[in-house]
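no sequence for this one, just the structure:
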Ligand code: NDP
Ligand code: MG
């Protein structure tokens with residue numbers, strides 16, 4: 001994976017060049033009951049006349065989904081778990097909101113021709129619905145980074161083929177998207193993503209090995225879903241984001257870097273060949289990048305705290321420590337290996353994080369499970385060129401089985 005990822009170069013360039021795009025009006029939110037879903041719904045609630053919510057989806061949070069659908073005045077609510085159809089129907093009886101259930105229904109909701117689909121399902125489970133949205137066209141506000149990690153090349157080919165405008169929601173990538181506005185690919189030297197360092201930034205290896213679930217879930221700067229919060233604690237999140245950036249922007253893998261920045265004010269820095277470094281700053285609040293993805297090329301008003309640098313007083317930066325956070329090295333290796341390696345890594349990480357959240361393994365075991373799965377997958381010929389979405393789904397499934405065996409052996 002040494003050449004620059006080509007696909008979004010043109011897409012981003014086209015988006016940046018055209019001032020003609022208007023703010024999306026009809027929107028669907030996949031993963032509406034989660035943290036990104038809540039931030040999106042909150043933004044919309046501040047300018048309700050500007051948006052019409054078509055579909056909201058969730059996997060199993062029936063009451064929360066019903067509340068979201070009612071509050072947003074959605075036309076349709078979709079629950080992924082088919083067995084919860086009647087429960088959701090009961091919750092929404094008398095509202096006129098259409099109720100659907102099942103994995104196919106999620107993809108059908110994603111295929112609705114809306115102006116913007118917010119892809120905020122967590123994990124590779126969001127890949128099929130996100131691809132369905134891409135194929136329909138319109139704008140995709142992509143929060144679900146696992147899509148790009150698992151299926152980067154294939155996903156970007158789908159984006160390039162369809163009339164889809166991809167806008168990143170992840171804060172670092174939204175920052176890079178803004179900073180790269182006028183850049184010619186040859187003028188970019190490096191893209192550096194910042195990382196808060198998570199709750200274990202100053203912890204020793206020994207302390208990290210004894211960390212409990214509640215320690216990992218105590219993020220210093222961001223309020224997010226459980227999976228990404230654990231990914232931030234292991235710093236796998238930054239590894240996933242490097243791969244995400246590789247697919248979104250016109251750079252080689254060796255032009256991507258990371259820097260720990262505990263205040264989470266500077267989200268990304270882009271260095272140019274003339275020595276200039278441009279950065280984007282904002283208070284750590286996902287409503288800012290979501291607002292950008294919804295309103296670009298305009299900017300909508302967002303009710304976030306305004307940045308006051310005198311109050312922040314200090315912006316500090318330090319190198320990431322790959323000894324205490326081996327996920328950084330593992331993810332960089334998988335990015336460079338390319339093909340199906342990132343899909344295997346992502347699947348193993350999802351399994352390991354779930355096992356950690358269930359109290360079955362410790363924090364250091366997460367990276368260990370991921371690394372051992374990658375080794376086993378390599379030995380069994382699973383890591384190879386990626387030939388399409390079926391390949392991604394197949395590798396994802398097999399990697400989950402291998403990771404499960406490894407987790408059971410640890411317990
Ligand atoms: P949450 O865990 O808070 O929400 C996840 C959402 O996805 C919920 O609506 C959940 O429904 C739904 N969901 C879970 N599993 C499935 C499934 N198998 N099929 C369909 N839907 C499912 O996650 P976040 O909002 O924190 O994150 C969402 C995505 O955005 C992730 O990929 C994350 O990496 C990315 N992201 C998040 C940021 C944040 O600040 N939170 C920042 C940057 C990126 P239910 O409630 O029923 O379980
Ligand atoms: Mg991020």
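Yes, it's here. Worth saying up front: this structure is predicted, and the values here are computed from it rather than measured. Numbering: from 1, shown residues only. Ligands and ions are numbered 1, 2, ... in the order given.

contacts only, for residue 82.
101, 102, 103 (Cβ atoms under 8 Å, 6 or more residues apart in numbering). For glycine as for every other residue, the C-beta is placed from the backbone atoms N, C-alpha and C.

and for residue 371?
If you count contacts by Cβ under 8 Å, 6+ apart, residue 371 has them with 326, 330.

hang on, the earlier thing: show me just the buried residues among the contacts of residue 82.
Buried residues within those, defined by neighbour count using 16 or more other Cβ atoms under 10 Å: 101, 102.

in strands, which of the contacts of residue 82 appear?
Cross-referencing the contacts of residue 82 against strands under DSSP state E gives residue 101.

closest one of the contacts of residue 82 to residue 31?
residue 103 (13.7 Å; Cβ to Cβ).

skipping adjacent residues, who's closest to that closest one in space?
Take residue 103 and drop its neighbours on the chain: the residue closest to it by Cβ to Cβ, 6 or more residues apart in numbering is residue 80, 6.0 Å away.

which pLDDT does the model give the one you found?
For residue 80, the pLDDT comes out at 98.

list the contacts of it.
57, 58, 59, 60, 101, 102, 103, 105, 106, 125.

and those residues near ligand 1, which?
Among the contacts of residue 80, the residues within reach of ligand 1 (Cβ under 6 Å from any ligand atom) are 58, 59, 60, 106, 125.

just those: which are in strands?
Using DSSP E, these in strands are residue 58.

filter the ones next to ligand 1 among the contacts of residue 80 down to the buried ones and hand me the ChimeraX line.
Buried subset of those, written as a ChimeraX selection, criterion 16+ other Cβ under 10 Å:
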select :58,59,106,125
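
between the ones next to ligand 1 among the contacts of residue 80, which sits nearest residue 72?
Nearest member of these to residue 72, counting by Cβ to Cβ, is residue 58, at 12.7 Å.

contacts only, for the closest one.
Contact analysis of residue 58 by Cβ under 8 Å, 6+ apart lists 31, 32, 33, 34, 37, 64, 65, 68, 78, 79, 80.

out of these, who's near ligand 1?
Answer for these near ligand 1 (Cβ under 6 Å from any ligand atom): 31, 32, 33, 34, 37, 80.

the fifth one: neighbour count?
Right, the one you point to is residue 37. Neighbour count of residue 37, defined by other Cβ atoms under 10 Å: 27.

any weak-confidence spans in the stretch 201-350 of the chain?
Within the stretch 201-350 of the chain, no stretch has pLDDT under 70.

whatever residue of the chain ends up closest to ligand 1: neighbouring residues, count only.
Nearest to ligand 1 in the chain, going by Cβ to the nearest ligand atom, is residue 34, at a distance of 1.9 Å. Using other Cβ under 10 Å, residue 34 has 24 other residues around it.

ditto for residue 66
Other residues close to residue 66 by other Cβ under 10 Å number 25.

again with the one 4 residues further on
Burial measure for residue 70: 15 neighbouring residues, criterion other Cβ under 10 Å.

let me know the helix or strand that the closest residue to it other than its chain neighbours is in.
Excluding the flanking residues, the one nearest residue 70 by Cβ to Cβ, 6+ apart is residue 95, at 6.1 Å. Under DSSP states H and E, no helix or strand contains residue 95.
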